[in-house]
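1. whatever this is, show me its structure:
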Amino acid sequence: MTLTSLSFGLFVLAALFAYYLCPKSYRWVVLLLASIAFYGIVCFKYMPYIFITTVTTYVGALLIERMQTASKQYVKEHKQEWTREQKSAYKDRAGRKRRWVLTGFLLLNFGILAFLKYFGFFADSVTALLAALGLHVHSPRLGLILPLGISFYTFQAMGYLIDVYRQKVPAQKNLAKFALFVSFFPQIIQGPIGIYDKLAEQLYEGHDLKYNNIKFGFQLVLWGLAKKLILADRAVVLIHVICDDISAYSGTWILTAALFYAFQLYTDFSGGVDISRGVAEMFGITMAENFRRPYFSKSIGEYWRRWHITLGAWLKDYLFYPIAMSGAFLKLGRKSKARLGNHVGKVLPAGIATFITFVVIGIWHGANWKYVAFGVWNGAVIFLSNILEPNYKIWLEKLKINSERFFFRCFQMLRTFLIVLVGYYFDIAENFTSAMRMMFLSVTDVRRRDFWDKKVLEAIGLEISDYVLLLLGLLLLFTVSLYQEKKQCLVREKLAVCPAPVRWGVMVLGTLLILVLGMYGPGTSAAEFVYMQF
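-> Numbering: from 1, shown residues only. You can find the predicted model right below:
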């Protein structure tokens, strides 16, 4: 039961009926039962993992909160008899105990994720290293399979635990309610990652049945299905054919595959998230935006603020800031200012923290050295961009370039897209070596005549109509994105003020286009979302 399947649509329809027919105070229970049922149907044998994360995080949050309450009460009871030094010493000891508790629960849950996701990668790397040293051993094979959505629900649960430790939110006392926050079924496959203080109360509140919620939610689902079934699953055909055997194709087609991947990844991932957000909206729940027209970005830093927004926000709050604001990094900043100047002293600690964060992003994407390289590439570009920013401004002034001019902004977008495209090679290649080979061929072996090679076109298996449809889809996507970028509003908000025949005509037409042009049924891979196994 995947987001694009008929069975998922029927499941959502049944859940909606049950939700709105149930008394308001128990509607969160319907969502919980639906979430358990969905996970059980899709991934029953791996339910113990999400159960362990839910229970341990629930217990850890309660324990941390009780320790905080007890220490505050103890300080209050001894306020009159303690000196300032004694009070400070007690708070330090109590704080260290809470940090140890937090660390233990973080290690447990991230340890489960790391073991399931990276054990094979670690074992193969150690085996290869030993072989290079002349020691030949067999790499153990445990046959581990990732449970559905483990990265997403682990990050979401650990974010909640850290927020309780920071006293940003109170610990949830009801285990069933907390289980709903961890397992809410529309987002379990590929996010977006929810933050407790923004999502939890929406889940627990019994929402009224509103026509606009159903209408806007359905429109968002249609838009997501169109991006996924009509566009992404067509583009992926070419990508698979070329990247499965790069030795058989010229650099022309390898570059084409990379460009197709940029289009396919966005329509696949954002389409899936649109479906998830649309389903949630039908229940009256507003989930966080995860994409904001990333290919209009004028720098790689801006791109990552527009792409997979909830992952970026999570890593910024729970990894980047703790590193950048740590004592060691603050000390590094002071020393750097004294020796290298104010700019470097200010940028260097944040740049190193950013670099570490992007290495983590690379590792999060997969258990392969190519993903480490992906993180290193993005982190290094952002680090160097920040360090060289003053020089960049000087060059613009010397060359008398107006950075606000339309053509210069277009140049910035194209430059950023090419930087992003380099990172995509690590995604589509089998390994790091293949990625470097593909990049080399993409700039040294490009010929226009290769586009008319009948053997290649036949091997790919797409018809002329498919290429035309992809081109039209790209133009439509660009037009919609450009409108949203310039007007800073959603197309469906504009559609809402149109006459009823227009609104219904658009929805009926969208449904028919998906049914007629969508890639689904026997022999297709419509169910295979790129981020489904994260």
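2. alpha carbons of stretch 463-476, as PDB, please.
-> Only the C-alpha atoms of stretch 463-476 are listed here, as PDB (Å, rounded to 0.1, in the frame of the first residue of the first chain):
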ATOM      1  CA  GLU A 463       8.300   7.100 -27.300                       C
ATOM      2  CA  ILE A 464       8.400  10.600 -28.900                       C
ATOM      3  CA  SER A 465       5.100  11.300 -27.100                       C
ATOM      4  CA  ASP A 466       6.800  10.600 -23.800                       C
ATOM      5  CA  TYR A 467       9.500  13.100 -24.400                       C
ATOM      6  CA  VAL A 468       6.900  15.700 -25.500                       C
ATOM      7  CA  LEU A 469       4.900  15.000 -22.400                       C
ATOM      8  CA  LEU A 470       8.000  15.500 -20.200                       C
ATOM      9  CA  LEU A 471       8.800  18.700 -21.900                       C
ATOM     10  CA  LEU A 472       5.200  20.000 -21.500                       C
ATOM     11  CA  GLY A 473       5.300  18.900 -17.900                       C
ATOM     12  CA  LEU A 474       8.600  20.700 -17.300                       C
ATOM     13  CA  LEU A 475       7.100  23.900 -18.800                       C
ATOM     14  CA  LEU A 476       4.000  23.600 -16.700                       C
END
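3. averaged pLDDT, it. What do you get?
-> The pLDDT scores in stretch 463-476 average 89.
4. list of residues touching it?
-> Stretch 463-476 has contacts (CB atoms under 8 Å, 6 or more residues apart in numbering) with Ile230, Leu231, Arg234, Ala235, Val237, Phe263, Thr267, Leu517. From N, CA and C alone the C-beta is placed, and that goes for glycine too.
5. for that stretch, buried residues please.
-> Buried residues in stretch 463-476, defined by neighbour count with 16 or more other CB atoms under 10 Å: Asp466, Leu469, Leu470, Gly473.
6. just those now: which is nearest Trp304?
-> Gly473 (25.1 Å; CB to CB).
7. name the helix or strand for the closest one, please.
-> Using DSSP states H and E, Gly473 sits in helix 464-487.
8. I'd like the next helix or strand past that helix.
-> Where DSSP H and E defines the elements, the next helix or strand beyond helix 464-487 is helix 491-496.
9. just checking, next helix/strand downstream of that following helix?
-> helix 500-517.
10. any idea of the pLDDT on Phe534?
-> 52.
11. what's the spacing between Gly518 and Leu441?
-> Between Gly518 and Leu441 the computed distance is 33 Å (CB to CB, to the nearest Å).
12. picking up where we left off before, compute the inter-axis angle for the helix holding Gly473 and helix 500-517.
-> Relative orientation of helix 464-487 versus helix 500-517 (axes from the mean of the first three to the mean of the last three CA atoms, to 10 degrees): 140 degrees.
13. tell me where the model's unsure across the stretch 401-534 of the chain.
-> Within the stretch 401-534 of the chain, the stretches with pLDDT under 70 are 520-534.
14. report the secondary structure element holding the closest residue to Phe374 other than its chain neighbours.
-> The shortest distance from Phe374 to any non-neighbouring residue, by CB to CB, 6 or more residues apart in numbering, is to Phe426 (4.1 Å). Using DSSP H and E, Phe426 maps to helix 406-428.
15. for that helix, packing partners?
-> With contacts defined as 3 or more CB pairs under 8 Å, 6 or more residues apart in numbering; DSSP states H and E, helix 406-428 has these neighbours: helix 251-282, helix 300-306, helix 369-387, helix 432-444.
16. with distance to Ala313 as added columns, please give the ones you listed in CSV.
-> Supplementary listing: the helices and strands packed on helix 406-428 in CSV, determined by distance: least, CB to CB, whole Å:
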stretch, distance to Ala313
helix 251-282, 14
helix 300-306, 9
helix 369-387, 16
helix 432-444, 28
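17. out of these, nearest to Gly111?
-> helix 369-387 (19.6 Å).
18. could you pull up the mean pLDDT of the closest one?
-> For helix 369-387, mean pLDDT is 92.
19. please apply the same query to stretch 200-216.
-> Average pLDDT, stretch 200-216: 92.
20. which residues touch that stretch?
-> If you take CB under 8 Å, 6+ apart as the criterion, stretch 200-216 is touched by 20, 23-28, 31, 172, 177, 180-181, 184, 194, 278, 281-286, 492, 496, 503.
21. and that stretch, how far apart are its ends?
-> Stretch 200-216 has an end-to-end distance of 21 Å (CA to CA, to the nearest Å).
22. what residues sit buried inside it?
-> Neighbour-count burial for stretch 200-216 [16+ other CB under 10 Å]: Ala200, Gln202, Leu203, Tyr204, Gly206, His207, Asn213, Ile214, Lys215, Phe216.
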